[in-house]
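> sequence? don't have it. structure:
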């Protein structure tokens, strides 16, 4: 274990400072800080880098560089011809420009790779487009040449334009309306020499049938809703809901009659079972229970009768 690296790391931790704090203050890279704390000084770019980084790190931690740090550094990172005292190395010697390091040179080389690849792709695309353009131009020229040679011996028929016939209406008697309608293959009006007030009421023409609607359209069947009549012989709380979405709640008095409309099913809640009777298709339904007995009944219409589905 490196005694110098342990000294720097333990001092940093005692001061409650992170590696990022060291990086922000000294501008030394994070991976270099870790290498120094591990004592792997030979992994740094050069001896001068190792000397300068360690000195900056020690100054950041307010350590006594000459008495505490330099003796450890000289022992762990010896170099042939290195000075015996730290003051013998000038500021310019131990702080070389970081842009001259091997690491940054490698980064520059790596950064150039995407640009080189992009330029290569652009060149290939331009070459491909140029080849396609030349091939297309050659094919087009051959097509035009063949077409031109064929067209020399083939006469082109002149375009015949037929003039539209003159069209006049009731008030204009100078031209013949028959010429217009005969031109389009029909004649539904008399010419100007006949009486325009002729009565056409007695003329029978076949009715026009649109082929789109010629098919027989079935007449929709409208089903009338089912109805059940409810009578109350005593006062009763009563609630009902149907499959038509209708829902109602009443406090019926003696002699009250109501009618419930439904499609197939309905539900009733009776607060006094003895007070209620129902009539459906001429058939009566009663005897739902004793006085003050609550009933919840679900009915369904089947074959003209009410079938109790569930209570």
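Sure thing, it's come through. A quick note: this is a predicted structure, and the numbers were derived from the prediction, not measured.

> CA only for contacts and neighbour counts going forward, please
OK.

> let me see the ranges of the helices in this structure.
In the chain, the helices defined using DSSP state H lie at 3-14, 19-26, 30-38, 47-60, 70-76, 91-94, 102-153, 177-183.

> got any ranges where the stretch 101-250 of the chain has weak pLDDT?
Low-confidence segments of the stretch 101-250 of the chain (pLDDT under 70): 101-113, 138-223.

> try it again at 90.
Low-confidence segments of the stretch 101-250 of the chain, defined by pLDDT under 90: 101-118, 128-225, 244.

> so how far is residue 47 from residue 78?
9 Å (CA to CA, to the nearest Å).

> sorry, slip of the keys, the one I care about is residue 24.
Distance from residue 24 to residue 47, by CA to CA: 23 Å.

> of those two, which one has the most company?
residue 47 (17 against 11; other CA atoms under 10 Å).

> excluding its backbone neighbours, what's nearest that one?
residue 79 (7.5 Å; CA to CA, 6 or more residues apart in numbering).

> now swap in residue 239 and tell me
Using CA to CA, 6+ apart, the closest residue to residue 239 is residue 249 (4.2 Å).

> same deal with residue 257?
Residue 257 sits nearest to residue 231 (CA to CA, 6+ apart), 4.5 Å away.

> list the contacts for the one you found?
Residue 231 is in contact with 255-258, 276-278, counting by CA atoms under 8 Å, 6 or more residues apart in numbering.

> would you agree residue 250 is in contact with residue 241?
No. Residue 250 is beyond contact range of residue 241, at 12.0 Å (criterion: CA atoms under 8 Å).

> ok, the two, which is more surrounded?
residue 241 (19 against 10).

> partner residues bridging the more buried one?
Residue 241 has the following beta-bridge partners by DSSP bridges: residue 247, residue 267.

> list the contacts of residue 277.
230-232, 284-287.

> so which of those residues is the most crowded?
residue 232 (22 neighbours).

> please name the bridge partners of that one.
Bridge pairing for residue 232 - DSSP bridges - gives residue 276.

> can you pull the domain assignment for this structure?
The chain breaks down into these domains under automatic domain parsing: 3-96, 99-135, 226-310.

> hey, least reliable of the ones you listed by pLDDT?
Looking over the domains of the chain, mean pLDDT reaches its minimum on domain 99-135, with a mean of 71.

> and the residue nearest to residue 47, how far from residue 51?
Taking CA to CA, one finds residue 79 at 11 Å from residue 51.

> compare those two (neighbour count), which wins?
residue 51 (21 against 10).

> now residue 258: how far from residue 247?
13 Å.

> so between those two, which is more surrounded?
Neighbours were counted for residue 258 and for residue 247 using other CA under 10 Å; residue 247 has more, 14 against 11.

> quick one, what contacts the more buried one?
Taking CA under 8 Å, 6+ apart, one finds 239-241 in contact with residue 247.

> now do residue 30
19-20, 23.

> of these, which is the nearest to residue 116?
Nearest to residue 116 out of the contacts of residue 30 is residue 23 (CA to CA; 32.4 Å).

> quick check, that closest one in contact with residue 31.
No. Residue 23 lies out of contact with residue 31 (CA under 8 Å); the separation is 9.7 Å.

> these two: who's more crowded?
With neighbours defined as other CA under 10 Å, residue 23 and residue 31 compare such that residue 23 has more, 16 against 11.

> any idea how far the more buried one lies from residue 120?
38 Å.

> count the neighbours of residue 132 for me.
12.

> ditto for residue 126
12.

> give the contact list for it.
So residue 126 contacts nothing (CA under 8 Å, 6+ apart).

> before we move on, what about residue 7?
Counting by CA under 8 Å, 6+ apart, residue 7 has no contacts.

> before we move on, what about residue 267?
Residue 267 touches 240-242, 296-299, counting by CA under 8 Å, 6+ apart.

> what's the most distant pair in these?
242 and 296 (13.5 Å).

> which one's more surrounded, those two?
Neighbours per residue (other CA under 10 Å) separate residue 242 from residue 296, with residue 242 holding more: 19 against 15.

> run a quick neighbour tally on the nearest residue to the more buried one once chain neighbours are set aside.
Spatial nearest neighbour of residue 242, excluding adjacent residues (CA to CA, 6+ apart): residue 266 at 4.2 Å. Residue 266 sits with 23 neighbouring residues when counted by other CA under 10 Å.

> kindly report the same for residue 60.
Residues contacting residue 60 under the criterion other CA under 10 Å number 14.
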